[in-house]
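1. Got a predicted structure here, sequence first:
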Amino acid sequence: MTAAAIVLIVITGIYGLVIGSFLNVVVYRVPASIPLTRESRCPSCDAKIRWWQNVPVLGWLALRGRCAFCGAAISARYPAVEALTGILFASVAAGVAFSRPLDARPVDGRLWLGSAEFWGILVTMLVFLSISIALTLIDLDTRRLPNAIVLPGWVTMIVLLLVTTVLTGLLPAEGGLEAGQPAVAGTWAGIDWGPFVRAVIGGVALFVFYFIVRLISPRGMGGGDVKLAGLAGTMMAWFGWGPFIVGAFAAFALGGLFGIAMMLIGRARRKDAIPFGPWMLTGAWTGIIVGEPVSRWYLGLLS
């Protein structure tokens, strides 16, 4: 791994801390229909929170977990979400840099950092990760998957994947930009539309599948789950049919195991509903990360 990749991972992790702070706001305000643009205030005394008190993790530590004005306790979940988001952001950056090496070198007096595919995949995965964290926490808190996040998230993923597909075909890959070479190295005819078309088909297919499951069992599947299935299916299928199938199966397997565990410890009954959104998203990330090797291993067993 190059020095440029290490710097990228560190910067992405720090950026993740900031995004984690914003996600805390999203998780609290979206279900309560509070505008995201409203200034931050203490929910107990309504005092305006100063900028330095909003610094991720450090602000909570400096305040010792209490409001500076009324002394009300500030949940430790806030710094935990910020720290976890930072760690996950850095992990995604490391994974992308490992699978698609970041080529950093001077070209014509400018620093060429990687390919359009590299940055497109990195940005898309970080956005999907942010959506995943927010929806997981909201579903655990409220048993809801708000349309205000799911539907724009689906559209955003499609747009990002489309832009990544187009730019990957038009701009040179890493190591392909030489002195005097034009910035646009490809043509529209040379764009590989396969992954994008597969993503759209996967998203629609998983949406339809969950819609049918909801028709069969309305109490076992919520409308938010159906819409989220389209978003998750789009992301998984873009990486391949192996990740798509493994991720879709993992969602039900992990959710089922969790439900069984909750019944065994007496925390749930057989007919109790459990939030399925977190397991759908966990399954999606399982498919994205290990779906390809797992699918190849399984097909190898069959052959």
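-> Okay, I see it. Quick caveat, the model's predicted, so the values are computed rather than measured. Numbering: from 1, shown residues only.

2. What residues of the lengthiest helix in the chain count as buried?
-> In the chain, assigned by DSSP state H, the helix with the most residues is helix 3-32. Neighbour-count burial for helix 3-32 flags 4-5, 8-9, 12-13, 15-28, 30-31 (criterion: 16 or more other C-beta atoms under 10 Å). For every residue, glycine as well, the C-beta is placed using N, CA and C.

3. again, but for stretch 230-244
-> Within stretch 230-244, judged by 16+ other C-beta under 10 Å, the buried ones are 230-240, 242-244.

4. Helices - which of these land there?
-> Using DSSP H, these in helices are 230-239, 242-244.

5. Got the phi and psi for the residue nearest to M125 when sequence neighbours are not counted?
-> Using C-beta to C-beta, 6 or more residues apart in numbering and skipping the chain neighbours, the partner closest in space to M125 is V92 (5.2 Å). Geometry field for V92 lists phi and psi as phi -60, psi -40, criterion degrees, to the nearest 10.

6. V92 reaches F128, doesn't it?
-> No. Contact criterion C-beta atoms under 8 Å: V92 and F128 do not qualify, at 9.2 Å.

7. what's near enough to touch T142?
-> P31 (C-beta atoms under 8 Å, 6 or more residues apart in numbering).

8. hmm, back to that, got the confidence number for the residue nearest to M125?
-> The per-residue pLDDT reported for V92 equals 96.

9. And the helices in the protein?
-> 3-32, 58-62, 77-99, 116-142, 147-170, 194-216, 223-239, 241-264, 277-302.

10. In TSV, list those helices along with distance to A68.
-> Converted to TSV, the helices of the chain look like this (distance: least, C-beta to C-beta, whole Å):
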stretch	distance to A68
helix 3-32	17
helix 58-62	9
helix 77-99	14
helix 116-142	25
helix 147-170	31
helix 194-216	46
helix 223-239	37
helix 241-264	39
helix 277-302	33
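
11. Deepest in the core, which of the ones you listed is it.
-> helix 223-239 (a mean of 26; mean count of other C-beta atoms under 10 Å).

12. If I take that helix and helix 147-170, what angle do their directions form?
-> Orientation of helix 223-239 against helix 147-170 (axes from the mean of the first three to the mean of the last three C-alpha atoms, to 10 degrees) gives an angle of 10 degrees.

13. Okay, now the unreliable bits of the stretch 101-250 of the chain?
-> Applying pLDDT under 70 to the stretch 101-250 of the chain flags the ranges 101-114, 171-189.

14. how about the residue nearest to L63 when sequence neighbours are not counted, what does it touch?
-> With C-beta to C-beta, 6+ apart as the criterion, L63 has its nearest non-adjacent residue at 6.1 Å, and that residue is Q53. Q53 makes contacts with 59, 62-63, 68, as judged by C-beta under 8 Å, 6+ apart.

15. I'd like to know how far Q53 sits from S115.
-> 40 Å (C-beta to C-beta, to the nearest Å).

16. And A250, by the same measure?
-> Distance from A250 to S115, by C-beta to C-beta: 30 Å.

17. these two touch, right, M263 and G256?
-> No. M263 is beyond contact range of G256, at 10.8 Å (criterion: C-beta under 8 Å).

18. now L8, nearest residue through space, not along the chain?
-> Closest to L8 by C-beta to C-beta, 6+ apart is A93, at 5.7 Å.

19. now do L231
-> Nearest to L231 is W154, by C-beta to C-beta, 6+ apart, at 4.3 Å.

20. got a list of what that neighbour touches?
-> Contacts here follow C-beta under 8 Å, 6+ apart; on that basis W154 touches 203, 227, 230-231, 234.

21. Which two among these are spaced furthest apart?
-> Spatial extent of these (C-beta to C-beta) is set by the pair K227 and T234 at 11.5 Å.

22. Now do the same for L8: its pLDDT.
-> Listed pLDDT for L8 reads 91.

23. separation between it and E82?
-> With C-beta to C-beta as the criterion, L8 and E82 are 20 Å apart.

24. Repeat that for A32.
-> For A32, the distance to E82 equals 20 Å [C-beta to C-beta].

25. these two touch, right, V226 and R214?
-> Yes. With contact defined as C-beta under 8 Å, V226 counts as touching R214 (5.5 Å).

26. how much space between the residue nearest the centre of the chain and S33?
-> Centrality entry for the chain: nearest residue to the mean C-alpha point is L129, 1.6 Å, by C-alpha atoms, centre = their mean. Here L129 is placed at a distance of 25 Å from S33 (C-beta to C-beta).

27. Then T282?
-> 27 Å.

28. now do L58
-> Going from L58 to S33 by C-beta to C-beta gives 30 Å.

29. can you check V204 too?
-> In this structure, V204 and S33 are 30 Å apart, going by C-beta to C-beta.
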